[in-house]
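> Give the three-dimensional model of this entry:
(one chain, ligands or ions: 1)
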Amino acid sequence: MAINRKFTNVSAGVPGPKGAKLIELRNQYVPNGVGNNTPVFVEKAHGSIIEDVDGNRLLDFAGAIGTLNVGHTPEHVVQAIKQQADQFIHSCFHVGMYKPYIDLAKKLSNITPGHFSKKTILLNSGAEAVENAVKIARKFTGRSGIVSFTRGFHGRTLLGMSLTSKVKPYKYKMGPFAPATYKAQFPYLANRPNGLTEEEYIDFCIHQFNDFLLTEVSPDEIAAVIMEPVQGEGGFIVPPKRFVKEIYAICKKNGILFIADEVQTGFGRTGELFASTYFEIEPDLITMSKSIAAGVPISAVTGRSEIMDAPSPGEIGGTYGGSPLGCVAALEVIEQIEKERLWERANTIGTTIKKCFNELKEELPIIYDVRGLGAMVGIEFVDPITRQPAKELVAALTKTCYENGLIILSAGVHSNVLRFLTPLIISDEELNEGLDILKFSLQQVIGKHKTEVK
Ligand SMILES: Cc1ncc(COP(=O)(O)O)c(C=O)c1O
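So this is what the prediction gives:
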């Protein structure tokens, strides 16, 4: 098959000569530990297209790791940032308050799930939102325990890392980790033990969680359970709704706060404005970041007013938290998401991607699982003969994709899941060109790796 290109062009090679020179400088001046998924040096970006320093044009199915539901540089967002920068860039909310902070706090309190009075603190990053949600939960409950889940990801700070459950590269030799953090088992339907029906498996997982409360930590020591409604870094794993609702009910019964980490799932990605709505839960606290502001660094914790008010003045916050530029960008982004009902578009995008890969799965047994919620779709690759996660194949595939003009990332503890984080404003034509590049690259990689394909 050939790629019918309308939007992409990689004639300079990825990386091209200018990119290659910058990579040399990057290696000289930026530490090794800062990972780079692609060798792309961005010159400009708009919508779903990134143009690199060599003039290559690539489709962006990574969206800055799920940050760009409204795409790159939406004009009204850029305009709002410029206007704010003209007025003032920063006054620090703790020193000089400003209206966009209040407007965004009000907006988030109104649009997040939960029919109760809410308040919002604004911060800078996803990890910082998680840190603050935990501090607030501990202060409110007077308890210390925090329960997260296997394969969960909550950031790279010490506490974020402690709650995270992928050792390499996130935690390896970086301990000791924060005390009073516990990991419960997260369901993984695609890998359930042979012979168990879906319902039996869900019963088993709930039983396991109740066991965990007997063997690991008592409910009255737990301040909060933190859960990604759909696991992101862990491999785009969608838990069964009954499991999530049951954990939520156990929390309610035992005075444990439920924190939904919607840093990756929020703002329309999963087919609802927030994934918690799909799971029919009203979290006590919600952490948000990524697609909140089209790439301007800002994050939030929104929660029940009485919980959010537990810390005393000065106990939460920070110099840059809720910067004016982030606030005005977020307000514009949310307005666009609501006006264009982008969560509905997420469902259409997800259906297209799943259809494409379900068809391919018929002929390519290396495609083990096609799953997801809304546009948050993951494709898991497993060697059909050895049953081992096809990590090398997925690494080769993401590389071949960017060489062919498509940026896409992997996920999962074995890095054998291809994950889709396309902007939700992507056109059908762009989406199809990206999928064509992906199919073409998959053929190339399978051919090269001589994988057994029947
Ligand atoms: C669910 C979740 N929580 C927290 C984080 C950490 O966010 P940040 O990288 O902005 O600190 C991420 C980032 O991928 C995430 O996906």
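> burial of the residue in the chain that the ligand sits nearest to, as a residue count?
Going by CB to the nearest ligand atom, the ligand is nearest to residue 126 of the chain, at 2.1 Å. All C-beta atoms are positioned from the backbone trio N, CA, C, and that covers glycine. The criterion is other CB atoms under 10 Å. On that basis, residue 126 has 29 neighbouring residues.
> Go ahead and confirm it touches residue 263.
Yes. Counting by CB atoms under 8 Å, residue 126 does reach residue 263; the two are 3.8 Å apart.
> pLDDT value on residue 216, please?
pLDDT, residue 216: 97.
> Need the residues touching each of residue 126 and residue 263.
Listed as contacting both residue 126 and residue 263 by CB atoms under 8 Å, 6 or more residues apart in numbering are 287, 289-290, 299.
> quick one, domains of this structure?
Domain assignment for the chain, taken from automatic domain parsing, gives 17-60+342-449, 75-339.
> what about the last one, start to end distance?
The first and last residues of domain 75-339 sit 15 Å apart, counting by CA to CA, to the nearest Å.
> Can you show me the helices along the stretch 1-150 of the chain?
If DSSP state H, counting those that start in this stretch is used as the criterion, the helices of the stretch 1-150 of the chain fall at 17-29, 63-66, 75-87, 99-111, 126-141.
> export those helices to CSV and tack on mean pLDDT?
Shown next, in CSV, are the helices of the stretch 1-150 of the chain (pLDDT from 0 to 100):
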stretch, mean pLDDT
helix 17-29, 98
helix 63-66, 98
helix 75-87, 98
helix 99-111, 98
helix 126-141, 98
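> Would you point to the one among these that's packed deepest?
helix 126-141 (a mean of 25; mean count of other CB atoms under 10 Å).
> Can you name every helix or strand that that helix contacts?
When contacts are defined as 3 or more CB pairs under 8 Å, 6 or more residues apart in numbering; DSSP states H and E, helix 126-141 packs onto strand 118-123, strand 145-149, helix 158-163, strand 222-227, strand 257-261, strand 285-288, strand 299-304, helix 305-308.
> Using CSV, write out the CA atom coordinates for it.
Taking C-alpha atoms only, helix 126-141 is exported to CSV below (Å, rounded to 0.1, in the frame of the first residue of the first chain):
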residue,chain,number,x,y,z
GLY,A,126,-0.5,17.1,37.1
ALA,A,127,1.9,15.8,39.8
GLU,A,128,1.4,19.0,41.8
ALA,A,129,-2.4,18.6,41.6
VAL,A,130,-2.0,15.0,42.9
GLU,A,131,0.3,16.2,45.7
ASN,A,132,-2.2,18.8,46.8
ALA,A,133,-5.2,16.5,46.6
VAL,A,134,-3.4,14.2,49.0
LYS,A,135,-2.5,17.0,51.4
ILE,A,136,-6.1,18.2,51.4
ALA,A,137,-7.4,14.7,51.9
ARG,A,138,-5.0,14.0,54.8
LYS,A,139,-5.8,17.3,56.5
PHE,A,140,-9.6,16.8,56.2
THR,A,141,-9.7,13.2,57.4
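> what does the stretch 201-350 of the chain have sitting close to the ligand?
Residues of the stretch 201-350 of the chain lying near the ligand by CB under 6 Å from any ligand atom: 228, 232-233, 261, 263-264, 289.
> Next, format the residues you listed as JSON lines and append neighbour count.
Output for these, formatted as JSON lines (neighbours: other CB atoms under 10 Å):
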{"residue": "228", "neighbour count": "25"}
{"residue": "232", "neighbour count": "26"}
{"residue": "233", "neighbour count": "24"}
{"residue": "261", "neighbour count": "30"}
{"residue": "263", "neighbour count": "28"}
{"residue": "264", "neighbour count": "29"}
{"residue": "289", "neighbour count": "29"}
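> What separation do you get for the nearest residue to residue 4 once chain neighbours are set aside and residue 90?
Once flanking residues are discounted, residue 4 sits nearest to residue 436: 6.7 Å by CB to CB, 6 or more residues apart in numbering. Residue 436 sits 44 Å away from residue 90, taking CB to CB, to the nearest Å as the criterion.
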